[in-house]
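> pasting a predicted model and its sequence here:
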Amino acid sequence: MHHRLAIALNIREGEGRLVTLLLIHSFFIGMAKIFTSASASAIFVDKFSAQSLPYVYIGVAVVVSLVGLGYTQLEARLHFTSLLVTNLSVLLGGLILFRLLLALIPDTIYPALGLMIWFEVIWAMTSLEFWSLAGQLFDLRQSKRLFGLIGSGDVTAVIISGFAMPTIVSTLGVQNLLFLSMAGLIGSLALLVLITRLYAYKLSKVDQPTDVGSQAKRSPSTPFYRDLFKNHYRILIFGLSAVAIITYYIIDNAFFDQAQGQFDNAAQLAAFVGNFLAASNIVALIARVLVSAPFIERYGLLGGLLSLPVIIVIGGLGVIITGSIWGSIPLIFWLTTGIKVYDSAIRFSIYKSVGLILYQPLSADEQRRLLTTVESFIEPIAGGVAGLLLLFLSAYLGWGAIQLYYALLIIVPIWLILIVLLNREYTQRLVKALAKRQLGGDLLALVDGTSLAVIKQGIDSEHVGETIFSLYVLEEIDHGSFGYFLRRALRHPAPEVRLDALSRIERNNVYSALRNVRLLARYESNVTVRARALRVLAALGGPEIVEEMGSHLNDADLEIRQGALVGLLRSGGIEGILMAGQYFFAAMNSPDPVERRLAAQVLGEVEISSFYVPLLTLLQDKDVTVQKAALIAAGKLQSPQLWPVVVKFVSDPALSATAASILVAGGVAVIPAIKKALTHLTLSPANQLRYIRILGRIQGDQAQTILEIFLSHPDPAIRYRAMNALSLSHYHVPPNKVEQVHVTIKAVVAHLVWILTTLSELDADHILDPLRNALLYEFHQGRDRLFLLLSFIYDSDSILQAREIVQTRHVDPDKQAYALEALDLLLSDTLKRWLLPLFDATIAPAQRLKLLSAHFAQGSVGQSRRLHQIISGSEDGLTPWTVGCALNVVAEKSLVEMQPIIVNALAATHPFIRETALKALATLSRKNPNGYIEKLINDPDPQVSRLAKHLQANNAGNDKPMFLTLEKVLILKSADIFAEVPEADLIGIAAIMEEVEVSHGTTIFEQGDTGTCMYLIASGQIRIHMADQILVELGARDTFGEFALFETQLRTASATALTDSVVLRLDQGPFYELMTDQSEVARGIIRVLIRRLQGLNQRLNISDEQPAPTTTPKTKTEAHQTIIQGIMDKLEEE
């Protein structure tokens, strides 16, 4: 029985308990609303008269706005759960206060006025509490299924309580209805606490104060409403909302004016209000469930918007005519009651649904801003205006219900004009938004005729993106004509559209398209589309078309064969598998790697996890393209037996990025295999870093448990990467480890103070500039570690957003101030004293050091001692680049007394330190002391070994120059394209650069050659030319051919050496492999390319005013855009 009910209500496994709790929660809220409404309105009309209601409307406009402002302020200070509990607690406290006031000062009118206003606050704030909670507990798809169900508890409570109201009032009395309202709020509060405890894991990411970034954005220099009134469409929405609210209050006032005269006392009025609310909610429920969707689909946006004002005008005319002929008779009361019921029912069903459709042409962000503005700004102001208007008409002119409908007939035409204008503007905006694929929000709202007509037109658009997006929208809203439009899209001239339509036909099992797909499989000219059509044909036709599919297994085209194989293996049943199997194994065992790659691709497209065994063989293939195809197929099969094999490819430079992306997609299922791989003692630091990155992207408790181990790793680079990985999943240390984090923070701060002190003790000699820059980079990285550590013990989102602001160069001072203020509020006093001087960019270095020295004293030891500390490793956590720079200073300054510490550096783990130490030792000694050169000739690192051999040759009289890695890094850094990449990250690039000596007159490459590398001139001059036309002559530190580094392309010009030169060549393949491991390199290059692109665009804009002599700038702009996209694709793949 329970199972059948869940199916009927579309409640899926695991959702039952939460839905039940929220349904009860909603019921209690409905209780609070109806009993407060009945009590407040009856007491008010008994104490005052309907002519005094405008005071309520004015009060509501002021109080609700102030409450909304207060709520916004609390959002920035309270956790999400605490905010909701505070909300309901304040509402409950208000009811208790008003009940006490009614008892203590029964003859005073003000409690009645205040209670009426407080009811509107309860109505607004309980809805905010409930839907905020539900929105965080369900995802978008669940929301679409379940929100209607869980919201029905409110309506049910109103209907039941409303019809029982006469009996309840006669038993308890009007004022005591507030006790039932309190019971409703207490029940809601209890359910809220229970739900937030049971489902705390669902609220963990939102259960925190508003982020630092949003606070920074609300700086005084950027007023929130400044731009909202500059848009014609927004102004029309604001006007429509305002007029609709004003009419609501006029109808409300007329209704109570008539109701007051029909009943003798407050008890009778309260009973009537209860019955009225029950009846109007029944009508609203029927309208929402049975009428709203078909009405909107049939009559469209215009019909939906007119559904309210047109009937109100007709009813209003009935009131005016009746009153003019017969005067104030009971029929007037029933007419005003009928209009009020209709208004309450339709306004919150059909009219509200259509109103939300108006926001669809806007982006999601603009929708949120506009809705917030309408609900918290426009509607309260409109309510205040309505109150002032009604105060004048009722209190001053003495108008009753009949005369108020005269005023309504004056306002409704404005309403109708706004509706017509908005309908026209909406259609135009929707067409533009569809063309740009920028529809935001809930696409299920797009069910009106106007929207659907525009979307259907998009199917026939010549723009591919617009057509595909239209199909996407129709699929999302599950439109009845979706199958028809898919069949229509199969005739679209663009193959991309036909492919997309085929995918949707297969995914949705659109059997009505079988004939169309069969025709496409036979006669389609595009091979890719035809191959996909074969696969879809098998899916729709099943085993009955095996023979028809078999005829394509010998096709000469690989794509056609692949489509047939996939179709038969996926959908052909036993007969299809047997038929396709022999062809598949023939391809798998073929000597041709193209055939073997086809076999791997087929398995990936079939996506049957039990078909994993052939992949074990293909993953061991000698051809890297076959291995890559097999890896991708393994990612699609998600078979547990394949993960241990896939994990091994993380250490393969050529396939590391592919393996990493597949493992991340595999999620928690791959973690045991990664954990086992990390236990290997021979695992290199580079591979450890790769596994850490993968775990960081997988996230979850299991990944965090492994990553926690690396927080105490001896390698600072691995510790830092583990911190970054943990921060991605909002990691928080358990309470028993918080003190340990404080100890680590203290150690990092002490390290940063050491860096600041060292910088202050270095002399001004330019030889120390690389070391100075290295220490500044260390300082920046140390601050970053502090932010990551703070995110483990404080609200992670707030800390990480403060990190983004503080760590960004050239940041807006206002944002910086807001971020620091947020940290000041979050951190303990001790941490504030340690950290704020480090984070505040306005503090001068000397002052910063003085502030921190009180807590972290660093004695002055002089420059030589600082160099000794850096090289010896006594100061933990420094990068190899910093140590190398210090070694270079020792050599350049001929600090012979430091030779012993340099000798020790020859045994360093990092090859860059060994190389720089060897060169420094040779520079200081001018000979080969103790045979150190011979010891390093067989060094495992080729660059160190090469230097040792070079020095040995020099000692023998061959004085040929050689560029050290350090020199290459400095040359790279001076090149514009690498200017934004930190020197510490350029070591890897320098290590893979090849020195190429070119003699005078030598051609490096010819125009039209295929380019796969870039060059950087170390010394000499290079001419770039097209035949005899000289384009440019380049010298030391200039680069050429850099576009080919990012995208294989034909050389657009030739390069010839003007003098004997040395160039450093960087090949595309090794560079992309390195970029996989060091995304910082890619980000730095992207920043430079974007800056170049902006400069080129500015020059293009300037040159638009006069004829341009050449199209080169446009060509460069397109090239930069292509390069940036290529790098982003590589990062996404990684």
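Received it, and whenever you're ready, just let me know what you need. Residues are numbered from 1 along each chain as shown.

> poorly predicted segments of the stretch 301-450 of the chain, please.
Within the stretch 301-450 of the chain, the stretches falling below the threshold (pLDDT under 70) are 327-329, 353, 356, 360, 363-365, 367-369, 372, 376, 395, 431-450.

> can you show me the helices along it?
All helices of the stretch 301-450 of the chain, identified by DSSP state H, counting those that start in this stretch, fall at 330-347, 350-357, 364-373, 379-390, 401-435, 449-459.

> nearest to Asn516, out of those?
Closest approach to Asn516 among those (CB to CB): helix 449-459, 14.5 Å. Heads up, the C-betas are built off the backbone N, CA and C, glycines and all.

> surely Leu1016 is in a strand?
Yes. For Leu1016, which was evaluated using DSSP: H, G, I helix; E, B strand; the rest coil, the result is membership in a strand.

> number of residues surrounding it?
Number of residues near Leu1016 (other CB atoms under 10 Å) recorded here: 25.

> after the least confident helix or strand in the chain by mean pLDDT, which helix or strand is next?
Ranking every helix and strand in the chain by mean pLDDT, DSSP states H and E puts helix 212-217 at the bottom, with a mean of 42. Read in the C-terminal direction, the helix or strand following helix 212-217 is helix 232-262, with elements assigned using DSSP states H and E.

> which parts of the helix or strand that comes right after that following helix are buried?
Per DSSP H and E, helix 232-262 leads on to helix 266-286 as the next helix or strand towards the C-terminus. Neighbour-count burial for helix 266-286 flags 266-285 (criterion: 16 or more other CB atoms under 10 Å).

> other SSEs contacting helix 266-286?
In terms of contacts (3 or more CB pairs under 8 Å, 6 or more residues apart in numbering; DSSP states H and E), helix 266-286 is packed against helix 16-47, helix 152-163, helix 165-172, helix 232-262, helix 330-347.

> one more time with 6 Å, if that's ok
Contacts of helix 266-286 with other secondary structure elements, assessed using 3 or more CB pairs under 6 Å, 6 or more residues apart in numbering; DSSP states H and E, are made with helix 16-47, helix 152-163, helix 165-172, helix 330-347.

> the helix or strand where Met549 lies - contacts with which helices or strands?
Element membership for Met549 (DSSP H and E) is helix 546-550. Helices and strands touching helix 546-550, as assessed by 3+ CB pairs under 6 Å, 6+ apart, comprise helix 558-571, helix 573-588.

> determine which of these approaches Gln1068 most closely.
Shortest separation from Gln1068 across the helices and strands packed on helix 546-550 is recorded for helix 558-571, at 26.7 Å, computed as CB to CB.

> just checking, what packs against the closest one?
Counting by 3+ CB pairs under 6 Å, 6+ apart, helix 558-571 packs on helix 527-541, helix 546-550, helix 573-588, helix 593-606.

> can you pull out the strands in this structure?
Remark: strands of the chain, listed N- to C-terminal, are 994-998, 1003-1005, 1010-1011, 1013-1019, 1022-1026, 1029-1034, 1039-1040, 1049-1050, 1054-1057, 1061-1067; assignment by DSSP state E.

> residues touching the third one, excluding its own?
With contact meaning CB atoms under 6 Å, 6 or more residues apart in numbering, strand 1010-1011 is reached by Gly1041, Ala1044, Gln1049, Arg1051.

> distance of the last one relative to Ala984?
This means Arg1051. Noted for Arg1051: a distance of 33 Å to Ala984, by CB to CB, to the nearest Å.

> neighbour count winner among the two?
Set side by side, Arg1051 and Ala984 show unequal neighbour counts under other CB under 10 Å, the larger going to Ala984 at 24 against 19.

> leaving out the residues flanking it, which one is nearest to that one?
Once its chain neighbours are removed from consideration, Ala984 has its nearest residue in Trp881; the separation is 4.0 Å (CB to CB, 6 or more residues apart in numbering).

> so what's that neighbour up against?
Taking CB under 6 Å, 6+ apart as the criterion, Trp881 is in contact with Ala774, Glu983, Ala984.

> turn the residues you listed into a markdown table, including distance to Gly398 and pLDDT.
As requested, the contacts of Trp881 are arranged in a markdown table below (distance: CB to CB, whole Å; pLDDT from 0 to 100):
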| residue | distance to Gly398 | pLDDT |
| --- | --- | --- |
| Ala774 | 85 | 93 |
| Glu983 | 84 | 88 |
| Ala984 | 83 | 86 |
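
> closest to Gln1007 out of those?
Among these, Glu983 lies closest to Gln1007 (CB to CB), at 34.5 Å.

> just name the most buried of the helices and strands packed on helix 558-571.
With neighbours taken as mean count of other CB atoms under 10 Å, the helices and strands packed on helix 558-571 reach their highest mean count in helix 527-541, at a mean of 24.

> which residues outside it are in contact with it?
When contacts are taken as CB under 6 Å, 6+ apart, the neighbours of helix 527-541 outside the stretch itself are 495, 498-499, 502, 505-506, 511, 514, 517-518, 520-521, 524, 549, 552, 557, 559-560, 563-564, 566-567, 571-572.
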